[in-house]
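A.B. asks: no sequence for this one, just the structure:
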């Protein structure tokens, strides 16, 4: 699905933490279009998280360009670090503080976003007392604050149960299909990548290869290891 | 008791530090920065001795030197992330080195013990005004930066992505911590400062509330601990720092014990009732 304008565009993108060779990402060129659901897949150390951090402008390329035309980007980290550390904060406080940071005037945004991810009624719960799946849903609700046009997720289904996993991908698919939100999800879950994405971006050896889920399945089936533990 | 000016000054200062110390302390505790509080307390002693030897006001001296050390800690912490655990002992050694050298030189015309153990008698009107100014400015800054400070403590990465200038606010926070330490030094003394910044928060955390409730409870416990320590030290004619620490430890033990008894009672009721 390449219906929209280019949301993320990379030209001759190189990155290494030292700024010199060997590069984690080596001369990448790609475009991600508005309205797409892209899953970024690859082995550990292939540069998935590095690419995500470049898209989020958390780090700068060693050379080349990566341009985002997103008006607002929402980010869902792999883990809720604050909740993991036992931080005393309610779901409402966590989301409302973020609303204030983004200067979102609509006070109802907190309850609306919680309803959107099926967490209505959890406003007064402490984030540290939530299950892994519930924590992930509140992080999605947080990322939706300010109605972003681009949502970036870092392995959204890591460490959560099958039911919550299904819920999360249902929410993401709905955001992509009904709201037209562009989604870029770093995935270790290949089945989720194949089932939900419009295109899959496979990283290996510092290079990227973008294809449709059908092409990805066909190519993967040729490999002796198949889908591994996916 | 209130007919003495020194006691009135001490009570006003105690109320101010009871509000300021936990307001900063809650962020130190939740960011696992309690050791920074301890290091800044030692830096404040160096600031006090430097100001005494140069005939400056010790509260201002403590604040300036502690703020410089706080800024330096933050600078080194971000530049040398891999060796971050070594930064605090270096600053602590520098501060203690300065303080001990000056105190043992025999050049100080005043007794610096009151800054180690805290004192009611030595709180002057000038100190009171300085503490009031620093406290009000600091609390107003915390109110202005409230949501940003919460988010940096909760999830620094998410705060940065939301556009918060994390590094700048971390420097401001170090100055706030320096202010909290330097205003607390007069009443409770260097040796007890970090306990007074962290123990009311640790007590409040036992109630398992949200952030706002934990902050309010921290201030309430801080007022109870510091005022009880102050009054007991007045009637028993001892340094307030020691009693404030003892009251704080007793307070947190009582709360933890009460929590255990409450949980046990609920379990017993469910089992038999």
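C.D. replies: Ah, there it is. Keep in mind that this is a model prediction, so the values were computed, not measured. Residues are numbered from 1 along each chain as shown, chains lettered A, B, ... in the order given.
A.B. asks: what parts of chain A come near chain B?
C.D. replies: When proximity is defined as CB under 8 Å from any CB of the partner chain, chain A approaches chain B at A:56, A:58, A:73, A:75, A:77, A:80-82, A:85, A:87-90, A:92-94, A:97-98, A:100-102, A:124, A:126, A:142. Using the backbone N, CA and C atoms, a C-beta is placed for each residue, glycine as well.
A.B. asks: drop anything exposed from these.
C.D. replies: Buried by 16 or more other CB atoms under 10 Å in any protein chain shown: A:56, A:73, A:75, A:77, A:80, A:82, A:87-90, A:92-94, A:97-98, A:100-102, A:126, A:142, out of these.
A.B. asks: center of chain B, which residue is that?
C.D. replies: residue B:197 (3.4 Å; CA atoms, centre = their mean).
A.B. asks: list the residues that contact it.
C.D. replies: B:21, B:22, B:24, B:25, B:28, B:34, B:37, B:180, B:181, B:184 (CB atoms under 8 Å, 6 or more residues apart in numbering or on different chains).
A.B. asks: now the two most distant members of the residues you listed.
C.D. replies: With CB to CB as the measure, no two of those lie farther apart than B:34 and B:184, at 14.6 Å.
A.B. asks: between the two, which one's more packed in?
C.D. replies: Set side by side, residue B:34 and residue B:184 show more neighbours around residue B:184, with 35 against 18, by other CB atoms under 10 Å in any protein chain shown.
A.B. asks: can the helix or strand encompassing the more buried one be said to contact chain A?
C.D. replies: Using DSSP states H and E, residue B:184 sits in helix B:166-188. No. With CB under 8 Å from any CB as the criterion, chain A is not reached by helix B:166-188; the gap is at least 11.3 Å.
A.B. asks: got the residues of the stretch 1-150 of chain B near chain A?
C.D. replies: So the stretch 1-150 of chain B meets chain A at B:30, B:32, B:147, B:148, B:150 (CB under 8 Å from any CB).
A.B. asks: contacts only, for the fourth one.
C.D. replies: Contacts for residue B:148 (CB under 8 Å, 6+ apart) come out as A:101, B:159, B:164, B:169.
A.B. asks: what do you get if the cut-off is 10 Å, keeping everything else the same?
C.D. replies: When contacts are counted by CB atoms under 10 Å, 6 or more residues apart in numbering or on different chains, residue B:148 touches A:97, A:100-101, B:159, B:162-166, B:168-169, B:172-173.
A.B. asks: circling back to that earlier point, report the buried residues of the helix holding residue B:184.
C.D. replies: Residues B:166, B:169-188 are the ones in helix B:166-188 that count as buried (16+ other CB under 10 Å).
A.B. asks: and what of stretch B:57-73?
C.D. replies: For stretch B:57-73, the neighbour count (16+ other CB under 10 Å) marks B:58-67, B:69-73 as buried.
A.B. asks: now do it: distance to the chain's middle.
C.D. replies: Relative to the centre of its chain, stretch B:57-73 is centred 14 Å away, using CA atoms, centre = their mean, to the nearest Å.
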